[in-house]
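1. sharing a model prediction with you, sequence too.
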Amino acid sequence: MSINNLIYMQILFFLGTLKTGGAERQIAQLVQGLAQRGHDISVVTVYSGGQYWDWLQNRRGIQIQALFETKLKSVILVGLQLALSVVKLRHLLRKNRFKLVYSTLYMSNFIAWLAVQGIPEVNLVWGIRASSLKLNWKRSLPFYLCKLVSVSVPLLIANSQAGLAYHEAKGYHCKRHRVIPNGINISQFYPNSEAGIKVRKEWRVSEEETLIGIVGRLDPIKDHPTFLKAAAILAKQRKDVRFVCVGDGSMDYRQELYILVNKLGLDKHLIWTGERKDMPAVYNALDIVCSSSLSEGFPNVIAEAMACGVTCVVTDVGDSASIVGQAGLVIQPGNPEALVDAWLQLIVKKLLDKETCRERIVKEFSLLTLVNKTETILKSFQ
């Protein structure tokens, strides 16, 4: 074993909450992976509780604490909590002599930056996870504050090339930057025909039918209308194809999509599932997963589906094309006809290759790869 492999790190991970979310899940899994290798890991959140808070509490070798039990309702009082977060986090850093702080998401990044000022022995790493943003007032303030101070941040880690390019274009200039893609838990997401058959029976989809799905929150950025228009075209050409929308969103946007489905005459061909907790089984029920997004960073949906052996058709946004590689098809966004052509290529030419899809994720985008790359980069601070 090399000397480098014997270096164990003391790392404090800092973020706002550990509630349900893609960023929170990735951090929780990364934390567990590093702790299993013997690193001294602490997780500090601004507010306590959440799905991944409970999950991490049951893992060995991880210390977890919150600066506040609950988030206050008043905007002024929340502002005071955030200001006090700087003081409390700074106290923890001095008390426990941490050498490395890894924060993620904008407000947490700015709080961490303030907390480490004047403590030269502490190195700061920022994590960013977005490739484009709708900047309302809540997001714009921490976003631009981080931009102003980014030049003094030793390292920025983005989860996508698209995300890094976006932030550099917006004026983020950290001293060093790296891209480490998200990691997929390949022991959770794997081919399981039995689970898939069970879900298809629930949806009353026969084995002979091709089931094409779009998975994700109902949000305009995901461009469900293009998916639905393409579905309407293909439904007229083939009677052996069904479609499913998995995910939830605002009532107003859902109503817009329901109206469009009715206008397209797609009602009998389309299944709405809402949010599902059994995503590995859902992926296994699908023959093709579609991402028709107008913008993405690193879309977990694509990688999770491929880990389950499902072929994907994706739009050329964010890092989608680099995830599918040669194991799927890539089209330009906003083009229903191109989407139909891609689906037909997979169905008619029988290009649904489960083994190739999974092998790509296992090799390039597994949790093991995420932990390995993160560990290597963070050790450079030792």
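-> Perfect, I can see it now.
2. following the lengthiest helix in the chain, which helix or strand shows up next?
-> As assigned by DSSP state H, the longest helix anywhere in the chain is helix 75-96. As assigned by DSSP states H and E, the chain's next helix or strand after helix 75-96 is strand 100-104.
3. sheet partners, orientation included, of that next one?
-> strand 10-15 (parallel), strand 123-128 (parallel) (DSSP bridges).
4. can you redo those as a markdown table with distance to residue 105?
-> Bear in mind the C-beta positions are built from the backbone N, C-alpha and C, glycine included. Formatted as a markdown table, these follow (distance: least, C-beta to C-beta, whole Å):
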| stretch | distance to residue 105 |
| --- | --- |
| strand 10-15 | 6 |
| strand 123-128 | 7 |
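5. turn those into TSV, including mean pLDDT, mean neighbour count and distance to residue 185.
-> Below are these laid out as TSV (pLDDT from 0 to 100; neighbours: other C-beta atoms under 10 Å; distance: least, C-beta to C-beta, whole Å):
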stretch	mean pLDDT	mean neighbour count	distance to residue 185
strand 10-15	95	24	18
strand 123-128	96	24	19
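6. make sure residue 31 is indeed in a helix.
-> Yes. Assessed by DSSP: H, G, I helix; E, B strand; the rest coil, residue 31 belongs to a helix.
7. check contacts around it.
-> If you count contacts by C-beta atoms under 8 Å, 6 or more residues apart in numbering, residue 31 has them with 13, 41, 43, 56, 59, 62.
8. tell me the contacts of the nearest residue to residue 305 once chain neighbours are set aside?
-> Spatial nearest neighbour of residue 305, chain neighbours left out: residue 289 (4.0 Å); criterion: C-beta to C-beta, 6 or more residues apart in numbering. Residues in contact with residue 289 (C-beta under 8 Å, 6+ apart) are 212-215, 283, 301-302, 305, 310-313.
9. ok, residue 289 to residue 250 distance?
-> 23 Å (C-beta to C-beta, to the nearest Å).
10. and residue 257, by the same measure?
-> 11 Å.
11. list the residues that contact both of these two?
-> Common neighbours of residue 257 and residue 250 (C-beta under 8 Å, 6+ apart) are residue 218.
12. so those two - more neighbours on which side?
-> For residue 257 versus residue 250, neighbours defined as other C-beta atoms under 10 Å are more numerous around residue 257 (18 against 12).
13. excluding its backbone neighbours, what's nearest that one?
-> According to C-beta to C-beta, 6+ apart, the nearest residue to residue 257 is residue 224 (5.5 Å).
14. show me the contacts for the one you found.
-> 214, 218, 245, 257, 292.
15. measure it to residue 144 for me?
-> Residue 224 is 31 Å from residue 144, by C-beta to C-beta.
16. one step back: tabulate the contacts of residue 289 (a markdown table), appending neighbour count.
-> Listed next are the contacts of residue 289 as a markdown table, based on neighbours: other C-beta atoms under 10 Å:
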| residue | neighbour count |
| --- | --- |
| 212 | 23 |
| 213 | 24 |
| 214 | 25 |
| 215 | 25 |
| 283 | 27 |
| 301 | 26 |
| 302 | 31 |
| 305 | 31 |
| 310 | 27 |
| 311 | 21 |
| 312 | 25 |
| 313 | 27 |
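17. nearest to residue 320 among those?
-> Relative to residue 320, the closest of the contacts of residue 289 is residue 302; by C-beta to C-beta it sits at 6.0 Å.
18. domains of this structure?
-> Following automatic domain parsing, one gets these domains for the chain: 4-183+366-379, 193-364.
19. may I have stretch 156-169 exported as PDB, CA atoms only?
-> Extracted in PDB, the C-alpha atoms of stretch 156-169 (Å, rounded to 0.1, in the frame of the first residue of the first chain):
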ATOM      1  CA  LEU A 156     -14.500  24.200  -6.600                       C
ATOM      2  CA  ILE A 157     -16.000  20.700  -7.400                       C
ATOM      3  CA  ALA A 158     -18.800  20.600 -10.000                       C
ATOM      4  CA  ASN A 159     -20.900  17.500 -10.700                       C
ATOM      5  CA  SER A 160     -21.000  18.300 -14.400                       C
ATOM      6  CA  GLN A 161     -19.000  19.900 -17.200                       C
ATOM      7  CA  ALA A 162     -22.100  21.900 -18.000                       C
ATOM      8  CA  GLY A 163     -22.300  23.200 -14.500                       C
ATOM      9  CA  LEU A 164     -18.600  24.200 -14.400                       C
ATOM     10  CA  ALA A 165     -18.900  26.000 -17.700                       C
ATOM     11  CA  TYR A 166     -22.100  27.800 -16.600                       C
ATOM     12  CA  HIS A 167     -20.500  29.100 -13.400                       C
ATOM     13  CA  GLU A 168     -17.200  30.200 -15.100                       C
ATOM     14  CA  ALA A 169     -19.300  32.100 -17.600                       C
END
